[in-house]
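Enquirer: structure of the sequence below:
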Amino acid sequence: MRHSPSLVAIRALIKSITKKETMNSKRIKEIQEATVYPKSLGVQQALLQVWNECEQDSTIQWVSVKNRFPSRRETVLFCTDMGYVSQGYYVGAWIETFIGTEYTNVTHWMPLPEQPKV
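Expert: Down below sits the predicted model:
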């Protein structure tokens, strides 16, 4: 299969990036804008590969439910208006993973951090 020149260039970039380089959304955007076809699906998939192969920006921040919700059934940490923090997922309602309790007063959530390398 023949690949587009921009995809070949991004794959070369992937190989040249060290695993120690911290990738963040700004750096990914810079790489995307430098390609010939920045909106192409192939470029976006290659950039996702770059993101996955490099160390991500480790600042995980709380997201307000006023701004957006996690993907359906994505396990996250959530916080209620009383400051209670637990692990759960959203399916039209917030469900705590361990007990199955439903929460209606969730104000914020954040993705789970990556597991430590053993």
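Enquirer: contacting residues for residue 97?
Expert: Neighbour list for residue 97: 75, 86-89 [criterion: C-beta atoms under 8 Å, 6 or more residues apart in numbering]. Every C-beta, even on glycine, is put in place using the N, C-alpha and C of the backbone.
Enquirer: format those as TSV; extra columns: distance to residue 113.
Expert: Shown next, in TSV, are the contacts of residue 97 (distance: C-beta to C-beta, whole Å):
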residue	distance to residue 113
75	12
86	15
87	12
88	16
89	16
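Enquirer: show the buried residues in those residues.
Expert: Buried residues within these, counting neighbours by 16 or more other C-beta atoms under 10 Å: 86, 88-89.
Enquirer: ok, those vs residue 104, which is closest?
Expert: Closest approach between the buried ones among the contacts of residue 97 and residue 104, by C-beta to C-beta: residue 88, at 12.4 Å.
Enquirer: tell me the secondary structure for the closest one?
Expert: strand (DSSP: H, G, I helix; E, B strand; the rest coil).
Enquirer: next: residue 108.
Expert: Per three-state DSSP, residue 108 ends up strand.
Enquirer: nearest residue to residue 101 in space, please, no chain neighbours.
Expert: residue 95 (7.3 Å; C-beta to C-beta, 6 or more residues apart in numbering).
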